[in-house]
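*Asks:* just a sequence and a predicted model for now, questions to come.
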Amino acid sequence: MVKNLIHETTVVKKAVIPAAGLGTRFLPASKAIPKEMFPVVDKPAIQYIVEEAVKSGIDDIIIVTGKDKTAIENHFDRVPELYSVLEEKGKKDWLKQLQEIDNLADIYYIRQKEPLGLGHAVLCAKKHIGNEPFAVLLGDDLILSDKPALKNLINVYEKHNSSVLCVQKVSKSEIPKFGIIKYKKVNGQIVVEGMVEKPAVNKAPSDLAIVGRYLLKPEIFGILEEIPFGKGNELQLTDGLRILNEIDKLMAYEIQDGQWLTVGDKMSYLKANIEYALKRPEMNKELSKYLKNSVDLI
Ligand code: G1P
């Protein structure tokens, strides 16, 4: 299989992308179309996530899907009828782009039969991952950067042999939306000492929020099998990580040179589209002009 995007080699070979959520924050748009398939400029959000994993050296990807998510499988599949039409019409560039999507990685699908939470979605991938370290990439979090963000976590894993969380500072008002870590700095590295899922501002141990990128040791599976359901009556990955942190070292990587853009709700989705479009040379000028004029009219 041709994997054009792979630039790196790494001991981390597998990634899990949970994509089984019901997308209630995006209704009615998400009623028939999985929110992971919503376009950011011209690519579905999940394609950026798969590309980030592949550019980080991972080519074995498990997408944990749920009810009504076949559009995701179709997107990464071959469509010979469409290719013949494009070939006949001489649309070589399009053909190349579509074939690149088919060849991005070895993608496997596992179905989460009930929406029982992020921890449960990750646990669904246990058999496929086996006894290896693996990455988790959440589809709601895009990281716009020249270097794939996940690669930075892999580097920390390889240097310290510890599981790694991706984090970024957030404002007070955003604290209740995320997992928040307690940490200390040792020789410039962030050592995690605890974490709370979506705390109230006055209960938050810091302002460093967990971004949806994780590099985990397989011990997390045994923990997720044992712990009770947590916040929202769901099996929370954050609860499992807190236990992992008690038995093993857990580090965090703070995003340095990328822009964390969430696409999990309507407003952040709109902003992400604008940021990604502004990075496109063919769109930047016209869109900047449009945005400027719109601001002047307000
Ligand atoms: C999940 C995690 C949370 C993390 C967030 C990042 O929450 O549980 O710890 O901060 O992703 O986007 P969710 O957004 O799925 O509710």
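*Replies:* Nice, thanks for sending it over. Please read these numbers as outputs of a predicted model, since none were measured by experiment.
*Asks:* only C-alpha atoms for contact and neighbour calcs from this point on.
*Replies:* Fine.
*Asks:* in the stretch 1-150 of the chain, where is pLDDT below threshold?
*Replies:* 1-10 (pLDDT under 70).
*Asks:* which residues of it fall in helices?
*Replies:* Taking DSSP state H, counting those that start in this stretch as the test, the helices found in the stretch 1-150 of the chain are 45-55, 70-75, 80-88, 92-102, 118-123, 126-129, 149-160.
*Asks:* please name whichever of those helices is nearest to the ligand.
*Replies:* helix 118-123 (6.6 Å; Cα to the nearest ligand atom).
*Asks:* other residues contacting the closest one?
*Replies:* Applying Cα atoms under 8 Å, 6 or more residues apart in numbering, the contact partners of helix 118-123 are 16, 18, 20, 64, 112, 115, 136, 221, 224-225, 234-238, 240.
*Asks:* mind listing what's buried in that helix?
*Replies:* Within helix 118-123, the residues that count as buried by 16 or more other Cα atoms under 10 Å are L118, G119, H120, A121, V122, L123.
*Asks:* of these, closest to V201?
*Replies:* L118 (22.6 Å; Cα to Cα).
*Asks:* want to throw the helices of the stretch 1-150 of the chain into CSV with distance to the ligand?
*Replies:* Output for these, formatted as CSV (distance: least, Cα to the nearest ligand atom, whole Å):
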stretch, distance to the ligand
helix 45-55, 13
helix 70-75, 19
helix 80-88, 35
helix 92-102, 25
helix 118-123, 7
helix 126-129, 19
helix 149-160, 14
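*Asks:* nearest to D296, of the ones you listed?
*Replies:* Comparing those by Cα to Cα, helix 45-55 comes nearest, at 30.7 Å.
*Asks:* returning to that earlier point: now the contacts of helix 118-123: which count as buried?
*Replies:* Buried members of the contacts of helix 118-123, scored by 16+ other Cα under 10 Å, are 16, 18, 20, 64, 112, 115, 136, 221, 224, 235-238, 240.
*Asks:* does V211 belong to a helix, a strand or coil?
*Replies:* State at V211, reduced to three classes by DSSP: H, G, I helix; E, B strand; the rest coil: strand.
*Asks:* share the number of residues neighbouring P148, please.
*Replies:* Neighbourhood size, P148 [other Cα atoms under 10 Å]: 20.
*Asks:* against the ligand, how distant is it?
*Replies:* Distance from P148 to the ligand, counting by Cα to the nearest ligand atom, to the nearest Å: 17 Å.
*Asks:* where does that residue fall, phi/psi-wise?
*Replies:* phi -60, psi 130 (degrees, to the nearest 10).
*Asks:* residue contacts, it?
*Replies:* E52, A53, K55, S56.
*Asks:* how about the residues of the stretch 101-250 of the chain by the ligand?
*Replies:* D141, F178, G179, E197, A209, I210, V211, G212, T238 (Cα under 6 Å from any ligand atom).
*Asks:* so the fourth one bridges to which residues?
*Replies:* For E197, the beta-bridge assignment (DSSP bridges) gives partners G179.
*Asks:* my guess is it contacts T238, does it?
*Replies:* Yes - using Cα atoms under 8 Å as the test, E197 is close enough to T238 to be in contact (6.2 Å).
*Asks:* common neighbours of the two, please.
*Replies:* Joint contacts of E197 and T238 (Cα under 8 Å, 6+ apart) are G179.
*Asks:* contacting residues for whichever residue of the stretch 1-150 of the chain sits closest to the ligand?
*Replies:* Residue nearest to the ligand within the stretch 1-150 of the chain: D141 (5.7 Å; Cα to the nearest ligand atom). Under the criterion of Cα under 8 Å, 6+ apart, the neighbours of D141 are V211, G212, W260, L261, T262, V263, G264.
*Asks:* identify the residue nearest V40 in space, chain neighbours excluded?
*Replies:* N273 (5.1 Å; Cα to Cα, 6 or more residues apart in numbering).
*Asks:* what about stretch 168-179, average pLDDT?
*Replies:* On average, the pLDDT along stretch 168-179 is 94.
*Asks:* now that stretch: how far from the chain's centre is it?
*Replies:* Taking Cα atoms, centre = their mean, to the nearest Å, one finds stretch 168-179 lying 17 Å from the centre of the chain it belongs to.
*Asks:* ok, stretch 147-161 next?
*Replies:* So, by Cα atoms, centre = their mean, the centroid of stretch 147-161 is 15 Å from its chain's centroid.
*Asks:* report the buried residues of stretch 187-202.
*Replies:* I190, V191, V192, E193, G194, M195, V196, E197, K198, P199.
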